[in-house]
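# The sequence and its predicted three-dimensional model are supplied below.
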Protein chains: 2
Amino acid sequence: MARTTTKDIRNKILDAATRLIGIRGFASTSIQAIADAVGIRKQSLLHHFTSKEKLREAVLDSLLKYFREVVPQALVEATTGEGRFESAINVLFSFFLEDESRAQIVVREVLDQPERMHEGLCTHLKPWFGLITDYIRKGQQEGLIFEDVDPEAYVMQVVILSVCIIVGARVLSAVFPAEEPYEASFKRMIAEVQRSTKAALFTSKYLEKQKARRRE
Amino acid sequence: MARTTTKDIRNKILDAATRLIGIRGFASTSIQAIADAVGIRKQSLLHHFTSKEKLREAVLDSLLKYFREVVPQALVEATTGEGRFESAINVLFSFFLEDESRAQIVVREVLDQPERMHEGLCTHLKPWFGLITDYIRKGQQEGLIFEDVDPEAYVMQVVILSVCIIVGARVLSAVFPAEEPYEASFKRMIAEVQRSTKAALFTSKYLEKQKARRRE
């Protein structure tokens, strides 16, 4: 059997904390409940994270780290290759789809610690944010992107949608036909975000260029 | 001086509860804090609402009631007059803009009581939801709305944006230029939602028709 390293345990604690805080909220989640979910004693958990507040910080840091390290790389790849902007949206979605408590915790922290999250975005999001808005402005100059798009506001909207659709999907599936399985409604919501974010961005010149490239 | 009626007090309690639960969350808001905010004794509050859970129900009911009574009327007006679909989006926005804790509480309850909110949407949202999706399908038949729009998923997306932009705006303003006042960034976000939801829906045939009508 493989040896469980300190790093493994830390990651297990972080995963369990993300899931429980995401579902119940920080105020309603105890250190004991997180230790139980990992299958360790409370004292062992406190050896890795000395307080509930420290653990909360570590959970947030691990999420923000993803935005600092993984997203920028995927975005650079997506925006340097032409016509692959859509895949940038998928990068965002797949991170939150992988574990829906990530999206839940982000929304909860926006509600509970707005100043902390504001600061986190300044540090972790702003550096690569300029990459995408530059890409949009370049596209506008070339007539590939509608000239009335507001680059910063547009990107924010895509971020909001990719987080909030995942948080709200189960509740919002209420308005889809009652006989439709939840998974089908959910797929429709994701597909519509992908369609509409594209339709609101690219001109017919872009779409024709893309079609021509596919024919080559 | 006007006499304070029972209904006035009830509404004052509901307003204070919406604000405090919106900011702090249900678990972190005490009956005492709500009574203090209204300026009445805890016992007087409990005379109107016998428990914190009853008060929570009443807060949610008053929000859902708006969706059952006010929104449908505004939507019918907006969708029967041609070219006024944009004003339907404004109906949603203005309700949440008027008091941002309404949007906060909706998002909190989606996180904390998903089953309750699912049920609430089935009862209060579904009846008028069909009005808008019918309007979209009619527009698609007439070539005024893109044929690849998914009506249910599209409307859900507009609902998500109108709630979540208001909840997230302060945090997300972090990625706008540091020297830009918050109010300016916020206006840009709202304007971009209005632009992009329209751009993702209407064909050039619709936009030309609208232009021609303005010239008349």
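Perfect, thanks for sending it.
# okay, and the helix or strand of chain A with the least pLDDT?
Sorting the helices and strands of chain A by mean pLDDT, DSSP states H and E puts helix A:85-98 at the bottom, at a mean of 77.
# Now that helix: buried residues?
Using 16 or more other Cβ atoms under 10 Å in any protein chain shown as the burial criterion, the residues of helix A:85-98 that qualify are A:Phe85, A:Ala88, A:Ile89, A:Asn90, A:Val91, A:Leu92, A:Phe93, A:Phe95, A:Phe96, A:Leu97. C-beta here means a position set from N, CA and C on the backbone, and glycine is covered the same way.
# For A:Asn11, report the pLDDT, please.
What the model reports for A:Asn11 is a pLDDT of 92.
# by contact count, what packs against the helix or strand hosting it?
Assessed by DSSP states H and E, A:Asn11 sits inside helix A:6-24. Packing contacts for helix A:6-24, counted by 3 or more Cβ pairs under 8 Å, 6 or more residues apart in numbering or on different chains; DSSP states H and E, involve helix A:31-38, helix A:42-48, helix A:52-80, helix A:100-112.
# what comes up buried for it?
Using 16+ other Cβ under 10 Å as the test for burial, helix A:6-24 gives A:9, A:12-24.
# again with stretch A:138-158
Under 16+ other Cβ under 10 Å, the buried positions of stretch A:138-158 are A:139-140, A:144-146, A:149-158.
# The closest residue to A:Ser44 other than its chain neighbours and A:Leu60: what is the separation?
Excluding the flanking residues, the one nearest A:Ser44 by Cβ to Cβ, 6 or more residues apart in numbering or on different chains is A:Ala35, at 7.1 Å. Distance from A:Ala35 to A:Leu60, counting by Cβ to Cβ, to the nearest Å: 20 Å.
# can you pull the contacts of A:Ala58?
Residues in contact with A:Ala58 (Cβ atoms under 8 Å, 6 or more residues apart in numbering or on different chains) are A:Leu14, A:Ala17, A:Phe49.
# switch to 7 Å and redo it
Counting by Cβ atoms under 7 Å, 6 or more residues apart in numbering or on different chains, A:Ala58 touches A:Leu14, A:Phe49.
# Tell me which of the helices and strands packed on helix A:6-24 sits most buried.
Sort these by mean neighbour count, taking mean count of other Cβ atoms under 10 Å in any protein chain shown, and helix A:100-112 sits at the top with a mean of 22.
# Taking their axis directions, that helix and helix B:6-24 sit at what angle?
120 degrees (axes from the mean of the first three to the mean of the last three Cα atoms, to 10 degrees).
# now for helix A:100-112, which elements pack on it?
Using 3 or more Cβ pairs under 7 Å, 6 or more residues apart in numbering or on different chains; DSSP states H and E, the elements in contact with helix A:100-112 are helix A:6-24, helix A:52-80, helix A:85-98, helix A:114-124, helix A:151-172, helix B:100-112, helix B:151-172.
# which parts of stretch A:205-215 are buried?
Of the residues in stretch A:205-215, those buried by neighbour count under the rule 16+ other Cβ under 10 Å are A:Tyr206, A:Lys209.
# what about it, distance to the chain center?
Distance of stretch A:205-215 from its chain centroid, counting by Cα atoms, centre = their mean, to the nearest Å, is 29 Å.
# Same question for stretch A:38-54.
On Cα atoms, centre = their mean, the centre of stretch A:38-54 falls 27 Å from that of its chain.
# Convert the C-alpha atoms of that stretch to PDB, please.
Extracted in PDB, the C-alpha atoms of stretch A:38-54 (Å, rounded to 0.1, in the frame of the first residue of the first chain):
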ATOM      1  CA  VAL A  38     -11.400  12.900   6.300                       C
ATOM      2  CA  GLY A  39     -11.400  10.100   8.800                       C
ATOM      3  CA  ILE A  40      -8.800  11.600  11.200                       C
ATOM      4  CA  ARG A  41      -9.000  13.000  14.700                       C
ATOM      5  CA  LYS A  42      -9.700  16.700  15.300                       C
ATOM      6  CA  GLN A  43      -6.200  17.000  16.900                       C
ATOM      7  CA  SER A  44      -4.500  15.700  13.800                       C
ATOM      8  CA  LEU A  45      -6.400  18.200  11.700                       C
ATOM      9  CA  LEU A  46      -5.300  21.000  14.000                       C
ATOM     10  CA  HIS A  47      -1.700  19.800  13.500                       C
ATOM     11  CA  HIS A  48      -2.000  20.800   9.800                       C
ATOM     12  CA  PHE A  49      -4.200  23.800  10.200                       C
ATOM     13  CA  THR A  50      -4.100  25.500  13.600                       C
ATOM     14  CA  SER A  51      -7.500  27.100  13.400                       C
ATOM     15  CA  LYS A  52     -10.700  27.100  11.400                       C
ATOM     16  CA  GLU A  53      -9.800  30.500  10.100                       C
ATOM     17  CA  LYS A  54      -6.400  29.200   8.900                       C
END
